[in-house]
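Participant: sharing a sequence plus its predicted fold:
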Amino acid sequence: MLALRITLLSRYLLLLLMPVISITAVAQAPTDNHDPVYGYDPLLYNGRMYLFYPQAGTGGTQYLYTDFDTKGSVKVRGVTYTNLNINYDIYNQQLILKYKDAIGSTRLLEISFAWLESFVMNNNPFEIYMEADSSTRIYQVLGTGDKKIMFYHQKELLLHNQQISGSFYFSKGTREKYVLNGSKKVKFNNNRGFLSVFTPSEQELLKKYLRQQNINVKNANDFMLNELINYCKTLGGK
């Protein structure tokens, strides 16, 4: 009889514990964004929560791309994190990471500039540069090494001219063009400005290349500019 009571008591306790075990299992289940290798690595998840919300009715978006890139990668202090949902807020000049926290809620995080080195979105590489005045800027880059073409993306928040409701809208994205040659970086809008960063002997070779390829850097597409900067890298020592 005693053995029967113990068996019944054990079963009763097991029934009481089953819901607790189930709840614990659900709470510990990994979220979609919880990587078994990285987890919630503080090296990446160390920025501030993104709290910029434009006024209701504001047209357009503050981002470079309409949707968050599901195949973006970020390099932080020498470590590259892949398959991230990221977007570039070019109005506030912030790289934004979308992820799910431990309880499955969607969060937006401003990735800190403290250790951010570079990122890739839509197969376009971006790098972080320290300016002469110690400010930090994000540039999309073409080329590698000490010769690059760099784009600085921007947007403005403007007021509608029409008497519709006095609401705001984001302008179309614009980009400033720069050419980097060693430690010298120059803004350019035409062929003359582009050539100014190079030595006189390099300029002569580049003028010939621009004529042969019929390139006007003001209107050239990214493919043409990428080919141009690759040619510039062949000029070393000439």
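Facilitator: Yep, it's here.
Participant: what comes up buried for the lengthiest strand in the chain?
Facilitator: Criterion DSSP state E: the longest strand present in the chain is strand 79-89. Judged by neighbour count using 16 or more other Cβ atoms under 10 Å, the buried positions of strand 79-89 are 81, 84-89. (C-beta placed from N, C-alpha, C; glycine too.)
Participant: quick check: Ser73 touching Val120?
Facilitator: Yes: under the criterion of Cβ atoms under 8 Å, Ser73 makes contact with Val120 at 4.8 Å.
Participant: which strands and helices lie in contact with the longest strand of the chain?
Facilitator: Strand 79-89 makes packing contacts with strand 69-76, strand 94-100, strand 116-121 when contacts are defined by 3 or more Cβ pairs under 8 Å, 6 or more residues apart in numbering; DSSP states H and E.
Participant: ok and the longest one relative to strand 116-121, angle-wise?
Facilitator: For the pair strand 69-76 and strand 116-121, the angle between their directions (axes from the mean of the first three to the mean of the last three Cα atoms, to 10 degrees) equals 160 degrees.
Participant: give me the sheet partners of strand 69-76 and which way each runs.
Facilitator: According to DSSP bridges, strand 69-76 forms sheet pairs with strand 79-89 (antiparallel), strand 116-121 (antiparallel).
Participant: need these in JSON lines (columns: distance to Asn161 and mean pLDDT).
Facilitator: Below are the strands paired with strand 69-76 laid out as JSON lines (distance: least, Cβ to Cβ, whole Å; pLDDT from 0 to 100):
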{"stretch": "strand 79-89", "distance to Asn161": "25", "mean pLDDT": "94"}
{"stretch": "strand 116-121", "distance to Asn161": "32", "mean pLDDT": "96"}
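Participant: closest one to Asn230 among the ones you listed?
Facilitator: strand 116-121 (18.8 Å; Cβ to Cβ).
Participant: next SSE downstream of that closest one?
Facilitator: Scanning forward in sequence from strand 116-121 by DSSP states H and E, the next helix or strand is strand 124-130.
Participant: can you give me the buried ones in the following helix or strand past that following strand?
Facilitator: For strand 124-130, the following helix or strand on the C-terminal side (DSSP H and E) is strand 136-142. Buried residues in strand 136-142, counted by 16+ other Cβ under 10 Å: 138-142.
Participant: bridged to Thr106, which residues?
Facilitator: Applying DSSP bridges to Thr106 gives these bridge partners: Lys100.
Participant: likewise the one 10 residues further on?
Facilitator: The residues paired with Leu116 through beta bridges, assigned by DSSP bridges, are Val76.
Participant: please enumerate the helices of the chain.
Facilitator: Assigned by DSSP state H, the chain shows helices spanning 2-28, 191-195, 200-213, 222-232.
Participant: pLDDT of the first one, averaged?
Facilitator: For helix 2-28, mean pLDDT is 38.
Participant: try the last one
Facilitator: Mean pLDDT, taken over the full extent of helix 222-232, equals 97.
Participant: that helix packs against which elements?
Facilitator: Helices and strands touching helix 222-232, by 3+ Cβ pairs under 8 Å, 6+ apart, are strand 136-142, strand 147-154, helix 200-213.
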